[in-house]
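My questions are about this predicted structure, shown below with the sequence.
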Amino acid sequence: MKPKRVLLETWKQLAWFLTLMVSLAIVAIPLYLLFKYSISDIGSINTGGKPIPIWPFHPTLKAFMYLFSDKQFYHVLVNSLIIALGTVGVSLLFGIPASYILGRYDVPFKKVLLIGLISVRLFPDIASVIPIAECFIRFEAQNTYWGIILAHSLLALPYVIFIGTSAFEPIPKDLEQQAMVMGASRGQIFIQILLPLAAPGLAAAAIYTFLLSWDEFIFSYFLLGIGKISTLTLYLKQKLSYAPPQNILATISLCLSLPVIIFSLLMQKNITAGITTGAVK
Amino acid sequence: MADVVLRNIRKRFGDTTIIENFSLDIRDGEFVTLLGPSGCGKTTLLRMIAGLETIDDGDLLISGKKFNTIAPQKRKIAMVFQTYALFPHMTVRENILFGLKIKKASVATMTQKLQWVLPLLDLIGLENRLPRELSGGQRQRIALARALVLDPDVLLLDEPLSNLDAALREMAMEELKRIHHQVGKTIIYVTHNQVEAMTMSERIAIINHGRLEQYDRPKTVYDTPRTVFSGQFIGSPPMNFIDGSIVVSQDNIGIMTAIGFVLLDRERTPCVEGMIGRKVRVGIRPQHISYIEHRASRRSSDSNFELFVELVEVLGDRSLIVGRLGDVVLRFLITREAELVPDQKVLVFIDGRKLHLFDPDTSLAIC
């Protein structure tokens, strides 16, 4: 009886191990390829029929140097940063009050509201971008920072409200009532008790929003495409149309994905916590 | 410092009435316990005094002033919740000073209050810890400290000891009593634990189904329960009840019950005389049924019965015996020297001076 069980455990562990390895490979191999291409010399890309090497023949930082010498690169980097931070600001500005109300009060049809909110995002961006762009053009919001920030906030808000609600929801009512009896007003309770306790979840929402805006393409393309304001994703698309060597493209891609990877690793704990707090109810 | 008066308070949640026509008078500086089973409305009453629950009807007076609709923030009241409700992101010091900061107290006041309360509740050295790093007893003391520094008129405590283990609860009870003695605040304490109520309070309000059953000093509540419920709820092990009717037998007045004739002491004869034949419910505390091996020690007011031992529960210094005669179950206590075994036939004496008589219809005490 006992050895059989141990065997079963071993098989289970092995299955887990293999699954993890496959998932890791799915994530890691493209990242590795991206990194490899970014430090490849031309000879390792155009091999003239020979198989492409796993590690470049002559690793070089030429692609990075080219990119860092391009004034436009800095320009779009700063643009992307402004837009992403602006989106975080706007999303939190509207998302936190909404999450506070949804998380702390008995709102009728709350579940329906939340599901409706999140299902907005099931609608493909490419289908909603035309009417939205139409609308933005009418209000002369195309080719402006506030326009694109608003558009990105539109995409991020459902998530911010969803995660935010589950950050406010589990805070015990007793804490609020205790503060009330001690003389605190609703505003003081919100700022001194609820906000600090919801902070980890809200931080997760903020980072998620930042990343969403950082690598957003479709809305940026339709609303900014032909104007003066460009973002990293548009810059990548523009470079691609000149058919440059792959190492340049890989380097831009790497710059795009680096914050995503770093933030995800740093905030992994908070993101999963933020998502699950509401889910386990 | 303040007295609290509840006058004809009524509270409904939807269709169910939680509190019905409830009146209570709490004197300045008094320690009053609201005692009752869960769901009896005692916590709702406390929350109404705190302002966390609206009052449907009746008046709440604090120091003579009507407080029915005044916001909780504006009442000079402090409350300790059952869960303690410590702010998890604040240190002990920040928790204790939260209320004073909200009230914009000066730094000097805060320092002075902190220096007063920390030794009072044995919290020195914990100032910079977070609540999650502390034990249940420490958390309970912080919640109390946080309430005391606000110098409230009335201190409300909602089952503050229910999350503590038995030993800690004993200590906390003594401490609460000492603190009440030192600060002299009006304290309203809610519990379902009759031992806590008996130990600490100056007066106990026994509540059942949102109605006041009895409101008196612990000793009075124990000695003369006003209703069947009071008799049942106060005292451990619980009171025995037997139904019967008042009869005269050979010049003696007593109660004829299913187990036989229970003699009533002569002092109560004038009171019961007019009620011959009336149905009564007799309440007998386990402490007033004695098991004596030698019949010689029998008192004139005692009546004796033969019971079968059904169960023996060892309590330590004494044992609780569950005895049965026919359909009647009687619980009583014996000393540890006397060893009884199940199915044994024993002779017990019921002290006629200690009987409690109730009207079975109104549940009210008679005589």
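Structure's in. What do you need? Residues are numbered from 1 along each chain as shown, chains lettered A, B, ... in the order given.

Residue 131: neighbour count?
Going with chain A. Residue A:131 has 9 neighbours, counted by other C-beta atoms under 10 Å in any protein chain shown. From N, CA and C alone the C-beta is placed, and that goes for glycine too.

Chain B is the one I meant
20.

Can you give me the distance of it to residue B:95?
Distance of residue B:131 to residue B:95, computed by C-beta to C-beta, to the nearest Å: 7 Å.

Tell me the buried residues in the top helix by length along chain A?
In chain A, assigned by DSSP state H, the helix with the most residues is helix A:2-38. Under the neighbour-count criterion of 16 or more other C-beta atoms under 10 Å in any protein chain shown, helix A:2-38 has A:34, A:36, A:37, A:38 buried.

Run through the neighbouring helices and strands of the helix or strand following it.
The helix or strand immediately downstream of helix A:2-38 is helix A:42-45, counting by DSSP states H and E. For helix A:42-45, the elements it packs on are helix A:246-279, judged by 3 or more C-beta pairs under 8 Å, 6 or more residues apart in numbering or on different chains; DSSP states H and E.

Please work out the average pLDDT along the helix it packs on.
Helix A:246-279 shows an average pLDDT of 72 in the prediction.

Please name the bridge partners of residue B:322.
Note on residue B:322: beta-bridge partners by DSSP bridges are residue B:311, residue B:331.

Contacts only, for it.
By C-beta atoms under 8 Å, 6 or more residues apart in numbering or on different chains, the residues touching residue B:322 are B:309, B:310, B:311, B:312, B:313, B:329, B:330, B:331.

where does chain B come near chain A, residue by residue?
Proximity of chain B to chain A is confined to B:50-52, B:72-73, B:75, B:77-79, B:81, B:83, B:85, B:87-89, B:98-99, B:102-103, B:146, B:150 under the rule C-beta under 8 Å from any C-beta of the partner chain.

For these, which PyMOL command selects only the ones that are buried?
Only the buried entries of those go into this PyMOL selection, using 16+ other C-beta under 10 Å:
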select buried, chain B and resi 50+51+52+72+73+75+77+78+79+81+83+85+87+89+98+99+102+146+150
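
Helices - which of the residues of chain B next to chain A land there?
Members of those lying in helices (criterion: DSSP H): B:50, B:98, B:99, B:102, B:146.

Quick check, the fourth one in contact with residue A:180.
No: with the criterion set as C-beta atoms under 8 Å, residue B:102 and residue A:180 do not qualify as a contacting pair; they are 10.2 Å apart.

All the strands of the stretch 51-200 of chain B, residue numbers only.
For the stretch 51-200 of chain B, the strands defined by DSSP state E, counting those that start in this stretch occupy B:57-62, B:65-66, B:77-80, B:154-158, B:186-191.

Where does the residue nearest the centre of chain A sit: helix, strand or coil?
Geometric centre of chain A, nearest residue: residue A:211, 2.8 Å, by C-alpha atoms, centre = their mean. Recorded secondary structure, residue A:211: helix (DSSP: H, G, I helix; E, B strand; the rest coil).

Distance of residue A:184 relative to residue A:177?
10 Å.

neighbour count winner among the two?
For the pair residue A:184 and residue A:177, the greater number of neighbours falls to residue A:184 (23 against 19), based on other C-beta under 10 Å.

The closest residue to chain A within the stretch 151-300 of chain B and residue B:223, how far apart?
Residue of the stretch 151-300 of chain B nearest chain A, by C-beta to the nearest C-beta: residue B:156 (8.2 Å). Separation of residue B:156 from residue B:223 (C-beta to C-beta): 29 Å.

Show me where the stretch 101-250 of chain B dips below the pLDDT cut-off.
Of all residues in the stretch 101-250 of chain B, none has pLDDT under 70.

try 90
Scanning the stretch 101-250 of chain B for pLDDT under 90 picks out B:120-122, B:136-137, B:162-172, B:175, B:182-183, B:236, B:248-250.
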